[in-house]
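Enquirer: Provided below are the primary sequence and the corresponding predicted coordinates.
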Amino acid sequence: MIREFSSSEVWFLVQAVRWTVLLALLAFLGGGLVGLAVAILRISKARLPRAIAIVYIKVFQGTPLLMQLYLVYFGINLFGIETNAWVAAALGLTFYSSAFLGEIWRGCIQAIPRTQWDGARALALGYLPGLRLVILPQALRIAIPPTVGFMVQILKGTSLASIIGFTELTRAAQMVNNATFRPFIVYALVALLYFLLCWPLSLVSQRLERRLDPGRLTPAKLAAQ
């Protein structure tokens, strides 16, 4: 029986936004932790850690996110471990986001002048203490705008989790459309909800990029900071 598209369907879609946001947050936090490790391995002077990081990045950047979600969801079951869509979606998006965040942060770390590394050694700091106390705090300033911007991609990427049965915004839209047969109205509303989620992040990223651009900082502004 076909239902009329009403306020209850709209509310159902709005409620599904929370699962989209929660999944995106889990993917960002997990991807951030793994991505930081990948970035550190990527700048290592040793060949083996650097090669491992490069292969990791190439694999997850060079394959579709949809395929990665399938492999995680069905691959875990091959080892006799029962999983659900929540775990598979979070793991798949974590691997995907960590590859991009790792490469973004690698570029930010390497953007720090070599003299800062020399200064860390002059303070008798080893590699890891110098990285943690001297290099990473400076790289953080450069990394904030592109990291915030990449969160938009993570939010949009959560829509693919519907393919493995995770009920987020896109999956909720499919359910509503199957019940009401109003695809234009349903998906137009979903597009609007995604826009309301992503647009503020894009604005924040652009504003941070302008504000934190070292080339725009005058001596007076530097002194004020």
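Expert: Thanks, I have the structure now. Residues are numbered from 1 along each chain as shown.

Enquirer: in this structure, spot the helix with the most residues.
Expert: helix 7-42 (DSSP state H).

Enquirer: my read is that residue 110 contacts residue 43, right?
Expert: Yes. Contact status for residue 110 versus residue 43: in contact at 6.3 Å, counting by Cβ atoms under 8 Å. Quick note: C-beta positions are derived from backbone N, CA and C, even for glycine.

Enquirer: the two: which is more packed in?
Expert: Ranked by neighbour count (other Cβ atoms under 10 Å), residue 110 and residue 43 place residue 43 first, with 16 against 13.

Enquirer: ok, back up a step: what's the helix or strand following the longest helix of the chain packed up against?
Expert: As assigned by DSSP states H and E, the chain's next helix or strand after helix 7-42 is helix 47-61. Identification of packing neighbours for helix 47-61 by 3 or more Cβ pairs under 8 Å, 6 or more residues apart in numbering; DSSP states H and E yields helix 7-42, helix 85-110.

Enquirer: most neighbours per residue, which of those?
Expert: Neighbour counts (mean count of other Cβ atoms under 10 Å) averaged over each of those peak at helix 85-110, with a mean of 22.

Enquirer: now that one: how far from the chain's centre is it?
Expert: Computed by Cα atoms, centre = their mean, to the nearest Å, the chain-centroid distance of helix 85-110 equals 6 Å.

Enquirer: before we move on, what about stretch 135-150?
Expert: 13 Å.

Enquirer: list the buried residues for it?
Expert: For stretch 135-150, burial by neighbour count (16 or more other Cβ atoms under 10 Å) applies to 135, 136, 139, 142, 143, 144, 145, 146, 147, 148, 149, 150.
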